[in-house]
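A.B. asks: Need a 3D model of the following:
(2 chains)
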Amino acid sequence: MMTLPEQIATRLTDALRAELGDALPSDFCAAVTASQDLRYGDYQSNAAMVLAKTARRNPRELAQAMVTRLADMLEAEVSLAGPGFINFRVTAKEYAARMQAMLEDERLGVPKTKSPKKLVIDFSAPNVAKPMHVGHIRSTIIGDTLARLARFMGHTVITDNHIGDWGTQFGMILWGWKNLLDQQELERHPIEALLATYKEVNKRCKEQPTLLEACKVELVRLQSGDAENLSIWKRCIELTKCGLEKIYNRLDIHFDYWLGESFYNEALQPLVEDLVVRGIARESEGAICVFSDGAHAPKDDPFLISKDGEWQPVPAIIRKADGGFLYATTDLATLDYRIREFQADSIWYVVGAPQERHFKQIFDIERMRGVTGDFRHVAFGSILGKDRRPFKTRDGETVSLQDVMDEAVERAASVVDEKSPDMSAEEKAAVAEAIGIGAIKFAELSQNRLSDYIFDWDKMLSLTGDTAPYLQNSYVRVRAIERKINDPVFAAALSGAARIQFILTEEREFHLARLLARFAEVVPATLDDCRPNLLATYLYELARAFHSFYEACPVLRSESSTRYSRLALCELTSRVLRLGMSLLGIRLLERM
RNA sequence: GGCCUCGUAGUUCAAUGGAUAGAACGGCCCUCUCCUAAAGGGCAAAUACAGGUUCGAUUCCUGUCGGGGCUACCA
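C.D. replies: So this is what the prediction gives:
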């Protein structure tokens, strides 16, 4: 089944072809979008104004011709407005038919993709022995939602947590492990002990440069295969993974693979040699680098930068003068592996905007090697403090993700205590967990991913307004109604044995149906642009429409066909909320 | 310096080139003998500045001012 805008666009394009004949480009497809202002109707098209020039027609006159040709259209009333808008007011009958179809469709009208991909999504990627902090929120939550959306749309998705398990931080960790670590504390609280040790060494290094040298020695030993250091390193990874899993489980986020940087160690040297042999990389100042091949205009070339009026090279260094490998080398090897072993045709990296140049270079090197695919840097803005600088606490520490989650759940718990005193302690805890975690996720997902945002405890953990609990509450309300129905006729209708007659006479019934129908267009659009906030905003609007309907249109106290129609609207609302929130990875509750 | 990016109500955020720029929080009014008031209904309040392209600009282009990022051996 086509979505409403698709259906309208098809009709309009046919009408334009009939009117303009060969003057209409053969691949033309009229753009039909949801009207921002419902007074003008549900959907609008500016096709007449777009085509006016090439067709040498007055835009209003052309639009009027379309209105005339589409006068017999059943799904919407068509009208002309302004400089040449064609407005479509969808009829109650059409919405009723769509509600019918949604009741019988598990996908609630959302079409599957026509071009399924094999897609690797790279997100979260914390470092070993360093805490997940608020900075990881964006990548982790956005990446997970994209994976959920892509799977639902019919793509084959592989999620890969590319953890930082081979960085220079290991020099400090190894030194700390050998000289500072409290073994008893390590057994009791492994992650905290490891972290405290790392922090301590980091602090001491800043005071005494000689210590930094000692750490480097430990790192070199590890990299050259020293048995003791290797075993400490492995233990660190195990401990860290164990701690991370706890956080990921609370967030209900799961990875298919955890192929960290170290996984690619053996591939780095051959990769560099191959690039040199093929003339893509060359030696410069002792390092092996990839320079521009001149395929782009200087302005669009990721390997060039303008300095004092001249274009200077900014190479991607793939081997340092001391023989060490870098981020770019690992990323190239990782990309190779994903294409070769996972048969990926698409790889999306959910990584912060500051790394834009890095990914442009990586993708451009792939172009030089003749490797093609849908490689995307799904960038996001920074999290800033109130001073608009990168977010830190007063004492300069980053805030750990764990702390944010605990605080969110704690705040939710005190509200649950106050509003639902009759719940069992166990249920209270479960509800607080779902609300607290949901609030964090929704705060992230309802924002445009490219904007920077100011971290604010009160905002992120807010439980009123445009937040997860608002949506969770709408679900609780609809479920409260559904639990009280005991009606064999309605049950039969839901199972397909009878048909529900939708009555959309009240403004709020009509508006609820309108938004329910729109789910089918919002979900694909959300994935197309990798913009979870489209779905989050839609679900918030749906919840708002439901709350409003709920206040004005009694369901259980209404009678006969009105009652059935409203019950069915409730049923669709609960299904859309369930599916939509599951795509955002936010849990719903039966009671709160 | 150059390149990228951002600048919207008091605050935090929205808005594929569309019509009277949406929300939330905060502020001020209303609504629980009624399906969960974690709700609903209403009021006041904003596109940094100056040009340009366009039938139409928060959106595209140019410049100014102001934040942030990047700019060869960290990840």
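
A.B. asks: Pull up the gap between the closest residue in space to A:Ala47 that isn't next to it in sequence and A:Asn58, please.
C.D. replies: The shortest distance from A:Ala47 to any non-neighbouring residue, by C-beta to C-beta, 6 or more residues apart in numbering, is to A:Ala30 (4.1 Å). Heads up, the C-betas are built off the backbone N, CA and C, glycines and all. Taken as C-beta to C-beta, to the nearest Å, the spacing of A:Ala30 relative to A:Asn58 amounts to 18 Å.

A.B. asks: So the two - more neighbours on which side?
C.D. replies: Remark: of A:Ala30 and A:Asn58, A:Ala30 carries more neighbours, 24 against 12, as counted by other C-beta atoms under 10 Å.

A.B. asks: I figured the more buried one was touching A:Tyr43, is that so?
C.D. replies: No. If you go by C-beta atoms under 8 Å, A:Ala30 and A:Tyr43 don't touch, sitting 10.9 Å apart.

A.B. asks: Show me what the host helix or strand of A:Arg338 packs onto, helices and strands only.
C.D. replies: Assigned by DSSP states H and E, A:Arg338 belongs to helix A:327-342. Using 3 or more C-beta pairs under 8 Å, 6 or more residues apart in numbering; DSSP states H and E, the elements in contact with helix A:327-342 are strand A:118-122, strand A:156-160, helix A:265-277, strand A:316-319, strand A:346-350, helix A:356-368.

A.B. asks: neighbours of the residue lying closest to A:Ala513 once chain neighbours are set aside, just the number please.
C.D. replies: In space, and not counting its chain neighbours, A:Ala513 is closest to A:Tyr95: 4.3 Å by C-beta to C-beta, 6+ apart. A:Tyr95: 23 surrounding residues under other C-beta under 10 Å.

A.B. asks: so who does A:Tyr95 touch?
C.D. replies: A:502, A:504, A:510, A:513-514, A:517 (C-beta atoms under 8 Å, 6 or more residues apart in numbering).

A.B. asks: Most neighbours among those residues, which one?
C.D. replies: Greatest neighbour count in the contacts of A:Tyr95, by other C-beta under 10 Å, goes to A:Ala513: 27 neighbours.

A.B. asks: Am I right that that residue sits in a helix?
C.D. replies: Yes. The assignment for A:Ala513 by DSSP: H, G, I helix; E, B strand; the rest coil puts it in a helix.

A.B. asks: Give me every residue in the stretch 151-300 of chain A lying close to RNA strand B.
C.D. replies: By the rule C-beta under 7 Å from any atom of the strand, the part of the stretch 151-300 of chain A lying against RNA strand B is A:164, A:167-168, A:261, A:284-287, A:289, A:299.

A.B. asks: picking that back up, which residues sit in contact with the residue nearest to A:Ala47?
C.D. replies: A:9, A:12-13, A:16, A:45, A:47.

A.B. asks: helix/strand/coil for it?
C.D. replies: A:Ala30 ends up coil, using three-state DSSP.

A.B. asks: hmm, back to that, can you redo the residues of the stretch 151-300 of chain A next to RNA strand B as CSV, where the extra columns are secondary structure and neighbour count?
C.D. replies: Converted to CSV, these look like this (DSSP: H, G, I helix; E, B strand; the rest coil; neighbours: other C-beta atoms under 10 Å):
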residue, secondary structure, neighbour count
A:Gly164, strand, 20
A:Gly167, coil, 18
A:Thr168, coil, 11
A:Glu261, helix, 23
A:Ser284, strand, 14
A:Glu285, coil, 8
A:Gly286, coil, 10
A:Ala287, strand, 18
A:Cys289, strand, 19
A:Lys299, helix, 8
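
A.B. asks: Show me what the helix or strand containing A:Thr573 is packed against.
C.D. replies: Using DSSP H and E, A:Thr573 sits within helix A:560-584. Judged by 3+ C-beta pairs under 8 Å, 6+ apart, the packing partners of helix A:560-584 are helix A:92-103, helix A:135-152, helix A:425-445, helix A:468-484, helix A:488-494, helix A:507-528, helix A:532-552.

A.B. asks: circling back to that earlier point, and the furthest pair within the contacts of A:Tyr95?
C.D. replies: When C-beta to C-beta is used, the two most widely separated members of those are A:Phe502 and A:Arg514, lying 12.0 Å apart.

A.B. asks: Which residues are in contact with the closest residue to A:Glu94 other than its chain neighbours?
C.D. replies: Closest residue to A:Glu94 apart from its sequence neighbours, by C-beta to C-beta, 6+ apart: A:Glu75 at 4.0 Å. Residues near A:Glu75 by C-beta under 8 Å, 6+ apart: A:4, A:7-8, A:90-91, A:94.

A.B. asks: redo that, cut-off 10 Å
C.D. replies: A:4, A:7-8, A:11, A:88-91, A:93-95, A:97-98 (C-beta atoms under 10 Å, 6 or more residues apart in numbering).

A.B. asks: In terms of pLDDT, where does it sit?
C.D. replies: pLDDT recorded at A:Glu75 is 93.

A.B. asks: Check A:Leu212 too.
C.D. replies: 85.

A.B. asks: Might you report the residue contacts of it?
C.D. replies: A:Leu212 neighbours (C-beta under 10 Å, 6+ apart): A:171-172, A:175, A:201-202, A:204-206.

A.B. asks: what do you get if the cut-off is 7 Å, keeping everything else the same?
C.D. replies: Counting by C-beta atoms under 7 Å, 6 or more residues apart in numbering, A:Leu212 touches A:Cys205.

A.B. asks: Sticking with it, tell me its helix or strand.
C.D. replies: Using DSSP H and E, the element containing A:Leu212 is helix A:209-223.

A.B. asks: could you give the angle of that helix to helix A:265-277?
C.D. replies: Helix A:209-223 and helix A:265-277 are oriented at 90 degrees to each other (axes from the mean of the first three to the mean of the last three C-alpha atoms, to 10 degrees).

A.B. asks: Tell me the buried residues in helix A:209-223?
C.D. replies: A:211-212, A:214-215, A:218-219, A:221-223 (16 or more other C-beta atoms under 10 Å).

A.B. asks: again, but for stretch A:430-440
C.D. replies: Buried, per 16+ other C-beta under 10 Å, within stretch A:430-440: A:431-440.

A.B. asks: For A:Ser561, grab the count of nearby residues.
C.D. replies: 12.

A.B. asks: which residues sit in contact with it?
C.D. replies: A:501, A:503.

A.B. asks: now with 10 Å?
C.D. replies: A:Ser561 neighbours (C-beta under 10 Å, 6+ apart): A:500-503.

A.B. asks: Check A:Ile280 too.
C.D. replies: So A:Ile280 contacts A:274, A:290-291, A:293, A:318, A:365, A:368-369 (C-beta under 10 Å, 6+ apart).

A.B. asks: rerun at 7 Å
C.D. replies: Here A:Ile280 is in contact with A:290, A:365, A:368-369 (criterion: C-beta under 7 Å, 6+ apart).

A.B. asks: Quick check: the gap between it and A:Leu332.
C.D. replies: 10 Å.

A.B. asks: Let me see the ranges of the strands in the stretch 1-150 of chain A.
C.D. replies: A:32-34, A:43-45, A:76-81, A:85-90, A:118-122 (DSSP state E, counting those that start in this stretch).

A.B. asks: List the pairing partners of the second one within its sheet, with orientation.
C.D. replies: Okay, so that is strand A:43-45. Here strand A:43-45 is paired, per DSSP bridges, with strand A:32-34 (antiparallel), strand A:85-90 (antiparallel).

A.B. asks: follow-up on the earlier one: next one: phi and psi at the residue nearest to A:Glu94?
C.D. replies: phi -80, psi -20 (degrees, to the nearest 10).

A.B. asks: For PyMOL, write a command that selects the buried ones of the contacts of A:Ile280.
C.D. replies: Restricted to buried positions by 16+ other C-beta under 10 Å, the PyMOL selection for the contacts of A:Ile280 reads:
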select buried, chain A and resi 290+365+368
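
A.B. asks: Show me which residues of the stretch 401-550 of chain A are close to RNA strand B?
C.D. replies: Counting by C-beta under 7 Å from any atom of the strand, the stretch 401-550 of chain A comes close to RNA strand B at A:412, A:415-416, A:419-420, A:431, A:435, A:446-448, A:450-454, A:456, A:459, A:462-467, A:469-470, A:473, A:476-477, A:480-481, A:484, A:531, A:533, A:537, A:540, A:544, A:547-548, A:550.
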